[in-house]
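>>> Provided below for reference: sequence and predicted model.
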Amino acid sequence: MKFSKFFSMREIEQIHEASLKILVEVGVLVRNEKARRIFSRHGCKIDSDTKIVKFPSGIIEEFQAGFSSSFTFRGRDPQFDRTIPDDSPVMITASSAPNIIDPRTGEERLATSTDIANIAFLINELPGYDVFSISTLADDAPEGMVSLSRFYPALKNCLKPIKGTAANLKELMSVLELGYLVAGGEDAYKKRPIITHHYCPMISPLTMDVESTDSIIYLVGKGFPVYGTIAPNAGMTSPMTLMGTLALGNAEFLALNVFIQMIRPEAPSIYSVLSTVSDMRTADFVSGGIETGIMQMAHTQMAQYYNIPSGGYVGLTNSHTGDAQSGYETGMSSTAALLCGADIFSEGGLISGLMSFDFGKAVIDNEISLMLKRLNRGIEFNEDNIALEVIRETGPGGNYVTHPHTIKNLRNGTYLPEIANRMMRAVWEDEGRLDAHTRALKQADEILSNDNPAVFSKEQDSLIRERFSGLVSGDVQWKG
């Protein structure tokens, strides 16, 4: 399909050149000592007092040449493996919300590991999602098991690729050991790493933190799948113009991914972003703003220039419920990103500006994801689809309802939604006048009331629980 573009090639080159000037003249504050040593070994200039790293002319282009053009997410079951861009668009849940909308009361509360188990099962069964990025935190996590209390219920209840962040390097080691146990040993895991790690080591403006940078260094060095997201916020942590935010965010992407190449040449990564604009009337974070979609389009063009897969957090909402605002904010930004050629969409399930998970929203976003995939397919051009012979056979005044061609193409030719209402009004009223969010919650209840085909065997689960004493149960517990 044809993609929408903002910039000419010359304009893209000017943005690239502006980003280079930022890295040459302004530099990046690198708080992690190991990272500073890596930058120094590869020719960057380090100010030992300020800890600012500057990139001499030519360094970026040298390592940019090693950017990989593909990235693979692997699941417990290989049938769910996804490689971008070949399998694009890849739909991912948005992640790490502290809260959840209780499906029984409709009230917001702190999320738990049981909620993660329930969500993992739901995502496993919803065909629009390709990757489960762990949607919430776990308030019931035992001390020292914050990350295990998220990854364990996620892996236990979902066969699709799991993506998430470990709290620190020590907890990352436990998460990897969990992965080894699930995969059948460390060697098996290294051949098929079933966890994709994700961090935000680059903090706008132009700062690399300590702990997540440690994790990036370790994972890239080991050859495990990991990527980082940059998240400039116009008016707060980047200039109050979209072009200024693009230039700064692009510089942050280049610094981070050149760093990854310095650790291991040709390591795969993703140009992943959450570029937003502040509502300066209130200073609120507006991830649901149309500018999030616009900025994803702009960053995607830059990613195409660097020949690296792209995407990120897009199709989000600031709405606190599954209302019209939630629908149009998600739909407009995600459609814009698709039409520009983005590869990954971390959009599913969260409301309230990434603060809360809602089961109904997750089901609605599944439907949006399937619609986006149908849009991406476009119209398949071939002689059979033109259907000239069918048109001749039917003739003027005929109908196509019973024609074999209609039956053959009934499901392939159109997407048939389960949540969107297409009934006549009288039928809709007779069936209870249910809105989309209520229908979505009903579908979530139906899915989560069934047996979970993804759950670990008793033997495998016992092995894990013997190793990690005091671990949360990780079981689905649903009372919708």
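Arrived safely, thanks for sending.
>>> which residue, neighbours along the chain excluded, lies closest to Asn318?
Leaving aside its sequence neighbours, Asn318 sits nearest to Gly288 (Cβ to Cβ, 6 or more residues apart in numbering; 3.9 Å). To be clear about C-beta, it is placed using only N, CA and C from the backbone, and glycine gets the same treatment.
>>> count of neighbours near that neighbour?
25 (other Cβ atoms under 10 Å).
>>> swap in Arg467?
13.
>>> ok, now Gly106?
The local packing of Gly106 (other Cβ under 10 Å) involves 11 other residues.
>>> same deal with Gln79?
When neighbours are counted by other Cβ under 10 Å, Gln79 registers 7.
>>> and the pLDDT for it?
Gln79 carries a pLDDT score of 98 in this model.
>>> what about it, distance to Lys160?
Distance of Gln79 to Lys160, given as Cβ to Cβ, to the nearest Å: 9 Å.
>>> what about the residue nearest to Asn318, is that helix, strand or coil?
With DSSP: H, G, I helix; E, B strand; the rest coil as the basis, Gly288 sits in coil.
>>> check contacts around it.
Neighbour list for Gly288: Leu316, Thr317, Asn318, Ser319, Gln325, Glu329, Thr330, Ser333, Gly353 [criterion: Cβ atoms under 8 Å, 6 or more residues apart in numbering].
>>> most neighbours among the residues you listed, which one?
Most surrounded of the contacts of Gly288: other Cβ under 10 Å gives Thr317, at 30 neighbours.
>>> wasn't that residue part of a strand?
No: using three-state DSSP, the assignment for Thr317 is coil, not a strand.
>>> okay, it: pLDDT?
For Thr317, the predicted pLDDT is 97.
>>> just checking, it touches Ser333?
No: using Cβ atoms under 8 Å, Thr317 is not in contact with Ser333, being 9.0 Å away.
>>> report the central residue of this protein.
Nearest to the geometric centre of the chain sits Ser346, at 2.7 Å (Cα atoms, centre = their mean).
>>> all the helices of the stretch 51-200 of the chain, residue numbers only.
59-64, 113-125, 148-156, 169-183, 186-191 (DSSP state H, counting those that start in this stretch).
>>> hmm, who's touching the second one?
By Cβ under 8 Å, 6+ apart, the residues outside helix 113-125 that reach it are 93, 100, 129, 132, 134-136, 138, 140-141, 149-150, 152-160, 348-349, 357, 359, 362-363, 444, 447-448, 452-454, 472-478.
>>> repeat the analysis, applying 7 Å as the threshold.
93, 100, 129, 132, 134-136, 138, 140-141, 149-150, 153-154, 156-160, 357, 359, 362, 444, 447-448, 452, 454, 472, 474-478 (Cβ atoms under 7 Å, 6 or more residues apart in numbering).
>>> look up how far Glu367 lies from Val427.
Counting by Cβ to Cβ, the gap from Val427 to Glu367 is 20 Å.
>>> who's more crowded, the two?
Taking other Cβ under 10 Å, Val427 and Glu367 do not tie; Glu367 has more neighbours (19 against 10).
>>> so Met262 makes contact with His42?
Yes: contact criterion Cβ atoms under 7 Å: Met262 and His42 qualify, at 4.8 Å.
>>> so which of these two has more stuff around it?
Counting neighbours by other Cβ under 10 Å for Met262 and for His42 shows that Met262 has the greater number, 22 against 16.
>>> on that earlier part again, ramachandran angles for the residue nearest to Asn318?
Backbone torsions for Gly288, taken as degrees, to the nearest 10, come to phi -80, psi 0.
>>> what about it, distance to Gly27?
For Gly288, the distance to Gly27 - Cβ to Cβ - is 33 Å.
>>> just give the nearest non-adjacent residue to Gly331, would you?
Nearest non-adjacent residue to Gly331, counting by Cβ to Cβ, 6+ apart: Ile368, 6.2 Å away.
>>> the host helix or strand of that neighbour packs against which elements?
Using DSSP states H and E, Ile368 sits in helix 359-377. With contacts taken as 3 or more Cβ pairs under 7 Å, 6 or more residues apart in numbering; DSSP states H and E, helix 359-377 sits against helix 324-340, strand 344-348, helix 436-448.
>>> which one's the longest helix in this structure?
helix 242-263 (DSSP state H).
>>> need the contact partners of it.
Contact with helix 242-263 is made by 15, 18-19, 22-23, 28, 35, 38, 42, 60, 63-64, 66-67, 201-202, 204-206, 217, 220-221, 228, 230, 232, 234, 238-239, 267, 269, 271, 273, 275, 291, 294-295, 298-299, 302, as judged by Cβ under 7 Å, 6+ apart.
>>> now stretch 273-282
Outside stretch 273-282, the residues within contact range by Cβ under 7 Å, 6+ apart are 229-236, 245, 249, 285-287, 289, 291-292, 295-296, 299, 312-313.
>>> apply 8 Å and report the result again.
229-236, 238, 240, 242, 245-246, 249, 253, 284-287, 289, 291-292, 295-296, 298-299, 310, 312-313.
>>> ok, how many other residues are close to the closest residue to Ile195 other than its chain neighbours?
Sequence neighbours aside, Gly179 is the residue nearest to Ile195 in space, at 5.0 Å (criterion: Cβ to Cβ, 6+ apart). By other Cβ under 10 Å, the residues close to Gly179 number 21.
>>> distance check, Gly179 against Tyr189.
Distance from Gly179 to Tyr189, by Cβ to Cβ: 5 Å.
>>> after the host helix or strand of Met297, which helix or strand is next?
Assigned by DSSP H and E, Met297 falls within helix 290-306. As assigned by DSSP H and E, the chain's next helix or strand after helix 290-306 is strand 310-312.
>>> buried residues, that following strand. List them.
Buried positions in strand 310-312, judged by neighbour count with 16 or more other Cβ atoms under 10 Å: Ser310, Gly311, Gly312.
>>> now swap in stretch 328-337 and tell me
By 16+ other Cβ under 10 Å, the buried positions in stretch 328-337 come out as Glu329, Thr330, Gly331, Met332, Ser333, Ser334, Thr335, Ala336, Ala337.
>>> circling back: which helices and strands does the helix holding Met297 pack with?
helix 9-21, helix 242-263, strand 271-273, strand 276-279, strand 310-312, helix 324-340 (3 or more Cβ pairs under 8 Å, 6 or more residues apart in numbering; DSSP states H and E).
>>> give me that answer again for 6 Å
Counting contacts by 3 or more Cβ pairs under 6 Å, 6 or more residues apart in numbering; DSSP states H and E, helix 290-306 packs against helix 324-340.
>>> output the helix it packs on as PDB, restricted to C-alpha atoms.
The C-alpha trace of helix 324-340 is given here as PDB (Å, rounded to 0.1, in the frame of the first residue of the first chain):
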ATOM      1  CA  ALA A 324     -16.000   8.200  22.200                       C
ATOM      2  CA  GLN A 325     -12.800  10.100  23.200                       C
ATOM      3  CA  SER A 326     -11.000   6.800  23.800                       C
ATOM      4  CA  GLY A 327     -12.100   5.500  20.400                       C
ATOM      5  CA  TYR A 328     -11.200   8.500  18.300                       C
ATOM      6  CA  GLU A 329      -7.800   9.100  20.000                       C
ATOM      7  CA  THR A 330      -6.800   5.500  19.600                       C
ATOM      8  CA  GLY A 331      -8.100   5.300  16.100                       C
ATOM      9  CA  MET A 332      -6.800   8.500  14.600                       C
ATOM     10  CA  SER A 333      -3.200   8.200  15.800                       C
ATOM     11  CA  SER A 334      -2.800   4.500  15.100                       C
ATOM     12  CA  THR A 335      -4.200   4.900  11.600                       C
ATOM     13  CA  ALA A 336      -1.800   7.800  10.900                       C
ATOM     14  CA  ALA A 337       1.100   5.700  12.000                       C
ATOM     15  CA  LEU A 338       0.000   2.800   9.900                       C
ATOM     16  CA  LEU A 339      -0.300   5.000   6.800                       C
ATOM     17  CA  CYS A 340       3.300   6.200   7.300                       C
END
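>>> nothing else from me, thank you.
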